[in-house]
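**Q** Below is the sequence, then the predicted model.
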Amino acid sequence: MTMDPVKLKNIIEAALLAADGPVSVDRLLALFPAKEQPPTRDDVNAALETLGGDLEGRSIELKKVASGYRIQVRSDFAPWISRLWSERPPRYTRAQMETLALIAYRQPITRGEIEDIRGVSLSSNITRSLLERDWVRVVGQRDVPGKPSLYGTTKAFLDYFNLKTLKELPTLAEIRDIDQINPELPFDLMPPAADTGGSGGTPAKGEEAEDAPETA
Amino acid sequence: MTMDPVKLKNIIEAALLAADGPVSVDRLLALFPAKEQPPTRDDVNAALETLGGDLEGRSIELKKVASGYRIQVRSDFAPWISRLWSERPPRYTRAQMETLALIAYRQPITRGEIEDIRGVSLSSNITRSLLERDWVRVVGQRDVPGKPSLYGTTKAFLDYFNLKTLKELPTLAEIRDIDQINPELPFDLMPPAADTGGSGGTPAKGEEAEDAPETA
Amino acid sequence: MNEQATEQQAQSEMPFAVVQGAPVTELPKDLYIPPDALEIFLEAFEGPLDLLLYMIKRQNLEILDIPISEITRQYVEYIRLMKTLRLELAAEYLVMAAMLAEIKSRMLLPRPVESEDEEDDPRAELIRRLQEYERYKQASEDIDRLQRMERDIFPTHAELTERVVTRKLPDIAVQELLIAFKEVLARAEMYNHHHIQRETLSVRERMSNMLSTLSADNFTDIADLLDPKEGRLGVVVTFLAILELLRETLIVLQQSEPYGPIHVKTAA
């Protein structure tokens, strides 16, 4: 009496799923001790064929590769399954956040102007990361010697924040409300600036770009 | 329009099979991006239940352990599956197992307390091996002179022993009073000395050493 | 014959054990240990409590009512035998022998009849410790019998051959943007307070300007770049810009003789 085909198929499935790589038919045959009326090679091949059929329409498939058989995840599922290993999203640095904020609120703005306001030089990695994310683009050149690029935000930037226009960006006046609504925001809020001159309630227009430092 | 339940179940099955260890429901939920109408926690739990049912009568089963869900080969199939590898499963000494038991049932516990109960000094190799296995960890210090480390068990310990929580550990025997002498001996500690060694695919028992004197 | 069977079994189960060959002529009858299995025997115990538990079970005795003088006699017999065989004996075994002897002597003392409670039983502490050890010994055996990975159950794995690599990008809320804006403005303000006069010419801007006016083919006298009309601050900014351009190897500086004029051109 040889082994029930369903049981044989189950053992083979378990072996393929438990093994660390592809399993050859020889290695499958070695699972059955000689004294227990082991299945023949034909039995094993038949069981593999049935198993392959069983997995139709499932998320996994039986695949024959050079060194044997393996059960693998169907590639259609890769978009979901790949996310198992995706790292946590990184965070923007303070420099990136402030640069983005200045471009958003003071656009169009040059690198030099951003450096003036922040008081430190701006690494080109920062502008590049924002350009690559497609949140920022070069909108022109300032008509001064050196023709520095003017940066502005993109449609993708508005879409990300679910805004229709730049006018919908929250204003500095709202910052007190944020303080009150959510005092546990993980940011070190500085006390509201006494003088918010120039920025008014609406996002700054291009011409105001250099106002902020000026008003001090 | 949410995701088709069969597709959801297939994605979850593929994820559990592709992952390197148990997968929590949170991690399963993270496979679905927010913008693609992700399934709810209830959807995922329902899919897990269906999946568990699907695997009835198969060689693999869905099991919930401490750190999440995993698909594992049923123990009935261990005789065949263990032949995939030439090495025998790792064995643990009585000293390791007794120390582990004390940490599991009495956590948090210090080395000194373990030594008191076992009546022998505890070699640092034993705690080190349990720490390296990631079954136990230092959970604090007892607030007494010397500040001895307090040990507790980890989720990896529960996962390894197929448990969801510490509550699932076998019940501890009761301590009886000296005056309630019970003529019915409830101990059956020493297993019969019949030689069970080496019989086919039966998994190796932890400790056979103490059988030896018994059979004399 | 019995002994032989045991020995064989012991060996077949623990072929790694070292068997002590020293002949022992006198063996206590109730020990049931063949002499050359003694070392294995000793290794099989986790300490004196474990050995005592074994002796109690072996004779179908009850922990709660140990015949202390008999157990002590047997225990000491074991210890003596181990010593005879020069087996290394952990100190705990000797401590236990002393404890047993003490309990035994206290048992011989007359006790007040009316106080039969357990605290007065000289065996109480030993019995408590034996029970305590026994329950965790039992628990360790129970844990050992649980289904466990690598022995009874096995993890499954199906390869995902084509991973879709998704690089996650930082998520930010629009409020964070506003807060960053507010912070940078607040800092700019402090910065300006500390500098009595705002720096109207940025080094970086001057660098760009300089790069666009300098040539790679002709040297320019550095003195021509420093315009006194810009005031001291302007000269300093220009000078800083030259240093910064030099550091970034965007320009080349040349001085043909000591104290001679310094010339500058853009790097090729």
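**A** Cool, got the structure.

**Q** Quick one: name the residues of the stretch 51-200 of chain C near chain A.
**A** The stretch 51-200 of chain C comes close to chain A at residues C:154-166, C:168-172, C:174-189, C:191-193, C:198-199, as judged by C-beta under 8 Å from any C-beta of the partner chain. C-beta here means a position set from N, CA and C on the backbone, and glycine is covered the same way.

**Q** In strands, which of those appear?
**A** C:154-155 (DSSP state E).

**Q** Quick check on the residues of the stretch 51-200 of chain C next to chain A: which are buried?
**A** Buried members of these, counted by 16 or more other C-beta atoms under 10 Å in any protein chain shown: C:154-160, C:163, C:172, C:175-189, C:191-192, C:199.

**Q** Out of those residues, list just those in helices.
**A** In helices, defined here by DSSP state H, the members of these are C:175-189, C:191-192.

**Q** Show the residue spans covered by the helices in the stretch 51-200 of chain C.
**A** Secondary structure of the stretch 51-200 of chain C (DSSP state H, counting those that start in this stretch): helices located at C:68-84, C:91-108, C:124-145, C:174-194.

**Q** ranges for the helices of chain A?
**A** Shown for chain A, the helices assigned by DSSP H span residues A:5-18, A:25-29, A:41-54, A:78-81, A:94-106, A:111-118, A:124-132, A:155-160, A:175-181, A:211-214.

**Q** need the least confident one among those, by mean pLDDT.
**A** The minimum mean pLDDT among the helices of chain A belongs to helix A:211-214 (a mean of 35).

**Q** ok, the residue nearest the centre of chain A to A:Met97 distance?
**A** Residue closest to the average C-alpha location in chain A (C-alpha atoms, centre = their mean): A:Pro89, at 6.1 Å. Distance of A:Pro89 to A:Met97, computed by C-beta to C-beta, to the nearest Å: 14 Å.

**Q** repeat for C:Asp152
**A** Distance from C:Asp152 to A:Met97, by C-beta to C-beta: 52 Å.

**Q** Name the SS class of C:Glu230, please.
**A** Recorded secondary structure, C:Glu230: helix (DSSP: H, G, I helix; E, B strand; the rest coil).

**Q** wait, isn't it in contact with C:Val236?
**A** No: taking contacts as C-beta atoms under 8 Å, C:Glu230 lies outside contact range of C:Val236: 9.3 Å.

**Q** and C:Leu130, how far is that from chain B?
**A** Going from C:Leu130 to chain B by C-beta to the nearest C-beta, to the nearest Å gives 9 Å.

**Q** Neighbours of the residue lying closest to that residue once chain neighbours are set aside, how many?
**A** Leaving aside its sequence neighbours, C:Leu130 sits nearest to C:Ile63 (C-beta to C-beta, 6 or more residues apart in numbering or on different chains; 5.3 Å). By the measure other C-beta atoms under 10 Å in any protein chain shown, the count of residues near C:Ile63 is 21.

**Q** residues contacting C:Ile63?
**A** By C-beta atoms under 8 Å, 6 or more residues apart in numbering or on different chains, C:Ile63 lies in contact with C:53, C:56, C:127, C:130-131, C:134.

**Q** Now with 6 Å, please.
**A** Taking C-beta atoms under 6 Å, 6 or more residues apart in numbering or on different chains, we find C:Ile63 in contact with C:56, C:127, C:130-131.
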